[in-house]
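Student: sequence first, then the predicted structure:
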Amino acid sequence: MKLHLSCIRTVKCLTLPLRRPNYFELCSLPLSQRKTVASISMSQPRVFPASGFPILDPFKKFEEETLPDYMKERYYPVHVGEVLNSRYQVITKLGFGSSSTVWLCRDLREERYLVLKVHVRTRRQLPEVEISNYLKAKNDVHGGEKYVRLVIDSFEVDGPYGTHPCLLYQPAGIDIRDYMHCLEGDALPENLLRPILRFILIALDHLHEAEVIHTDVQPDNILLGIDDESILTEMEEDEISNPAPRKQLNDRMIYATRAMPLTGGEPMLADLGEARIAKEKQTGLIMPSVYRAPEVMLGMNWDNKVDIWALGQMTWTLFEQGHLFKTRNLENETDYAQRFAKMIFLLGPPPVEFLEQSEETVKFWDRNGIWKAKASIDIPDQSLENLESRLDSKDKALFLQFLRKTLRWLPEERPTAKELLLDEWLRGDDY
């Protein structure tokens, strides 16, 4: 219980006014005092239970402890009720990953809910903060900015073993992959898939016009919006009346994740952690391997058309209950050969002008663009038409036409996000 007693001490040591000065009272003060008064005008932190919750087996791995590379020294020991940066009170745990734990928190100054991501220890500046600040500074009115989840605020907290960057975001619901699992067949119906893709393309058009490449378009990074924030109040009240189970250790608690209720807000594109600000073509390895564009696989220069390729593959995942290219990992030449062979049977052979852009291509094709037998991988005798099984002939033709636009070997032949928004299948019956 020691950890929770320290939490209560943190709460009691904050002497905060119960009433915030209104706008006219604040303006009547000298300028030198306004910032000070505004900085201390916060709502009271709440006291969360120090008992009454299930205590889990301390010898059984739980939550982030189950990750293959988990080391407790890398993670900041967050505890519910803690106030970070003299402003953000932790309410309940929303999730965890190899690089962070994620929490619902309340901004005591602005009286709003936010999502707090507490990263593993590091002293480097997180690229997502730079990208978010860059986009906010542009102040362009596009319409797509509301569908891109930016970092609202950031700060650092010192833990027992180092410094941890903390990022704050507007609250959002579950990701689209989890949403799929709530549906019959674990796949999105066409009438839901199309509007989701339209929102994401609007977000991508905004990013690309701002010269930002996302590089990580995938279902995990498509979040449902929250159309009724009363669910966040309910989660806070539930944490007080029905505190989450936890594992109690000597120097920390490991909390159970509280599931986010299903929401019906407009989707947004999240996680700019791998994004690039790029006016010119880029180089280097990017993208999850299962969605990786061919120009990236072959070490060529790449641009924002990698996001269009990823969107095409993601479309298949959301609609067809699986990945278009089954080779999830690309660790050796055989893995690459299998992936390229599948691409050939689905998309046709790559143009010679594409292959000429990288010396790596000679491992798989000859100078005339002929697939090399020595790759020991046969070209499968299949087609997209045979693989797609959910649509009737006319709808299938339009859907595959959309897909083939995004999955072109030559990046310059893929449409822009704005152009893709005009696609006949994507517009559907809603227009």
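Tutor: Yep, that arrived.
Student: identify each buried residue in the helix or strand containing Ala397, please.
Tutor: Element membership of Ala397, judged by DSSP states H and E, is helix 393-406. Applying a neighbour-count criterion of 16 or more other CB atoms under 10 Å, one finds 396, 398-400, 402-403, 405-406 buried in helix 393-406. All C-beta atoms are positioned from the backbone trio N, CA, C, and that covers glycine.
Student: repeat that for stretch 95-111.
Tutor: If you call a residue buried by 16+ other CB under 10 Å, then stretch 95-111 has these buried ones: 95-96, 100-109.
Student: got the end-to-end distance for that stretch?
Tutor: 23 Å (CA to CA, to the nearest Å).
Student: what's the answer for stretch 184-196, then?
Tutor: Stretch 184-196 end-to-end distance (CA to CA) = 18 Å.
Student: doesn't Met235 fall inside a helix?
Tutor: Yes: checked against DSSP: H, G, I helix; E, B strand; the rest coil, Met235 lies within a helix.
Student: near Leu391, how many other residues are there?
Tutor: Leu391 has 15 neighbours, counted by other CB atoms under 10 Å.
Student: err, Glu237, not the other one
Tutor: The burial count for Glu237: 12, using other CB under 10 Å.
Student: which parts of this structure are strands?
Tutor: Taking DSSP state E, the strands of the chain run over residues 83-84, 88-96, 100-107, 112-119, 153-159, 162-169, 212-213, 222-225, 246-248, 253-255, 265-269, 276-277.
Student: put together a markdown table for those, with mean pLDDT and distance to Ile240 on each row.
Tutor: Formatted as a markdown table, these follow (pLDDT from 0 to 100; distance: least, CB to CB, whole Å):
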| stretch | mean pLDDT | distance to Ile240 |
| --- | --- | --- |
| strand 83-84 | 98 | 16 |
| strand 88-96 | 98 | 9 |
| strand 100-107 | 98 | 12 |
| strand 112-119 | 98 | 15 |
| strand 153-159 | 97 | 24 |
| strand 162-169 | 97 | 22 |
| strand 212-213 | 98 | 40 |
| strand 222-225 | 97 | 26 |
| strand 246-248 | 96 | 15 |
| strand 253-255 | 97 | 14 |
| strand 265-269 | 96 | 25 |
| strand 276-277 | 96 | 43 |
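Student: and Phe325, which of those strands is closest to it?
Tutor: Smallest distance to Phe325 across the strands of the chain (CB to CB): 19.5 Å, for strand 222-225.
Student: farthest-apart pair in the buried residues of stretch 95-111, please.
Tutor: Farthest pair in the buried residues of stretch 95-111, by CB to CB: Phe96 and Arg109, 26.6 Å.
Student: next up, the contacts around the most centrally placed residue in the chain.
Tutor: By CA atoms, centre = their mean, the chain has its centre lying nearest to Asn221, at 3.1 Å. Contacts here follow CB atoms under 8 Å, 6 or more residues apart in numbering; on that basis Asn221 touches 175, 269-271.
Student: hmm, 6 Å instead?
Tutor: 270-271 (CB atoms under 6 Å, 6 or more residues apart in numbering).
Student: show the pLDDT at it.
Tutor: For Asn221, the model assigns a pLDDT of 97.
Student: cool, and Leu318?
Tutor: Taking Leu318 on its own, its pLDDT is 95.
Student: now the longest helix along the chain: buried residues?
Tutor: Longest helix of the chain, by residue count under DSSP state H: helix 190-209. Within helix 190-209, the residues scored as buried using 16+ other CB under 10 Å are 192-194, 196-209.
Student: now the angle from it to helix 393-406?
Tutor: Using axes from the mean of the first three to the mean of the last three CA atoms, to 10 degrees, the direction of helix 190-209 lies 20 degrees away from that of helix 393-406.
Student: and helix 190-209, how far out from the chain's middle?
Tutor: Distance of helix 190-209 from its chain centroid, counting by CA atoms, centre = their mean, to the nearest Å, is 15 Å.
Student: again, but for stretch 138-145
Tutor: Distance, centroid of stretch 138-145 to centroid of chain: 20 Å (CA atoms, centre = their mean).
Student: what sits up against that stretch?
Tutor: Residues from elsewhere that reach stretch 138-145 (CB under 6 Å, 6+ apart): 202-203, 205-206, 210.
Student: repeat that for 10 Å
Tutor: 135-136, 148, 199-212, 269, 417-418 (CB atoms under 10 Å, 6 or more residues apart in numbering).
Student: span of it from start to end?
Tutor: Termini of stretch 138-145 sit 11 Å apart (CA to CA).
Student: next one: stretch 46-54
Tutor: Length of stretch 46-54, first residue to last, CA to CA: 21 Å.
Student: do stretch 158-178 as well
Tutor: 33 Å.
Student: got the buried residues for it?
Tutor: 159, 164-178.
Student: those residues: which two are farthest apart?
Tutor: Gly159 and Ile176 (32.6 Å).
Student: next, give phi and psi for the residue lying closest to Phe354 once chain neighbours are set aside.
Tutor: Nearest residue to Phe354, sequence neighbours excluded (CB to CB, 6 or more residues apart in numbering): Trp409, at 4.8 Å. Trp409 has phi and psi values of phi -60, psi -50 when expressed as degrees, to the nearest 10.
Student: quick thing: my sequence starts at 13, can you match it?
Tutor: Understood, numbering begins at 13; the last thing we discussed is Trp421.
Student: got the contact list for Lys84?
Tutor: Contacts of Lys84 by CB under 10 Å, 6+ apart are 76-77, 172-173, 261, 263-264, 266.
Student: looking at these, which are in helices?
Tutor: Among these, no member falls in helices (DSSP H).
Student: any idea which of those has the most stuff around it?
Tutor: Ile266 (23 neighbours).
Student: in space, what's closest to that one - neighbours in sequence excluded?
Tutor: Spatially, and ignoring its direct neighbours in sequence, Ile266 is nearest to Lys259 (4.1 Å; CB to CB, 6+ apart).
Student: from Ala149, how far out is the one you found?
Tutor: In this view, Lys259 and Ala149 are 42 Å apart by CB to CB, to the nearest Å.
Student: over to Tyr88?
Tutor: In terms of CB to CB, Tyr88 sits 29 Å off from Ala149.
Student: for Asp119, list the residues it contacts.
Tutor: 54-55, 97, 99-101, 125-126, 128, 164-165, 180.
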